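Novice: Attaching a predicted model along with its sequence, questions to come.
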Amino acid sequence: MSKFADIQIDPAIVQRAARGDIRAHEIIYRAFATPVYSLCLRFTRVPAHAEDLVQETFIEVMRSIARFRGEAALGSWIRRVAVSKALMFLRSAWTAKGQALGEDWDETTAGDAVSHGISSQPSDALDLDAALANLPAVSRTIVWLHDVEGFTHKEIAKMMGRTESFSKSQLSRAYQRLRPMLAQHGEEPMAENAVLGSMRT
């Protein structure tokens, strides 16, 4: 799981936020804005979109925090809200392009990668961020949710409105694409999860 789990917020702050305390809202925002932005940027690859999603995430968090029961860590709950907002954004983007979820496997993303300062050539994929940028949006999203955020295939399937086998097959195909990119920079062949384990923060 990413940095969300490392952030501790005093329960009294959460209680104050639930009562509408603006200062408590600000404390929570400042604590989690950076990891929320990082997560959203991983999905969208566009800073402006990520910034919009941060705002949408925290609007939802502050609107709903009175219903937060503390059954999970606050960071885990905020992470789920952010993931939900990012997936809603991606679904709307796919719909706008006339695509069904999962139809973009063979879609080239080189232009998108270049527009964000990342080489379109696999030989120049110097790290996993660059390699991931060359994956289609659906596959990149599933890799990040599964290998970094720690969601199960069942959870991913539910969030994306697809089946577990869809999540598993997209992850497998993503590994197949990532492996040669990483191998060109001296990564020894190994189990997929071992390779991608270095992505965890």
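Specialist: Thanks, I have it. Residues are numbered from 1 along each chain as shown.
Novice: pretty sure residue 58 contacts residue 29?
Specialist: Yes - shown here, residue 58 and residue 29 form a contact pair, counting by C-beta atoms under 8 Å, at 5.5 Å. No exception for glycine: its C-beta is placed from N, CA and C like everyone else's.
Novice: neighbour-wise, which of those two wins?
Specialist: More crowded of residue 58 and residue 29, by other C-beta atoms under 10 Å: residue 58, with 21 against 18.
Novice: got the contact list for the more buried one?
Specialist: By C-beta atoms under 8 Å, 6 or more residues apart in numbering, the contact list for residue 58 reads 28, 29, 32, 33, 36.
Novice: could I get the residues you listed as CSV with pLDDT and distance to residue 87?
Specialist: Formatted as CSV, the entries for the contacts of residue 58 read as follows, by pLDDT from 0 to 100; distance: C-beta to C-beta, whole Å:
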residue, pLDDT, distance to residue 87
28, 97, 22
29, 97, 21
32, 96, 18
33, 95, 19
36, 95, 14
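Novice: out of those, who has the most neighbours?
Specialist: For the contacts of residue 58, counting by other C-beta under 10 Å, the largest number of neighbours falls to residue 36: 28 neighbours.
Novice: what's around residue 57, how many residues?
Specialist: Around residue 57 there are 25 other residues, counting by other C-beta under 10 Å.
Novice: I'd like the next helix or strand past the helix or strand containing it.
Specialist: Taking DSSP states H and E as the criterion, residue 57 maps to helix 47-64. Moving toward the C-terminus from helix 47-64, the first helix or strand encountered (DSSP H and E) is helix 74-96.
Novice: burial of residue 23, as a residue count?
Specialist: Residue 23 sits with 9 neighbouring residues when counted by other C-beta under 10 Å.
Novice: Which residue, other than its chain neighbours, is closest to it?
Specialist: Of all residues beyond its chain neighbours, the one nearest residue 23 is residue 16 (7.5 Å), with distances taken as C-beta to C-beta, 6 or more residues apart in numbering.
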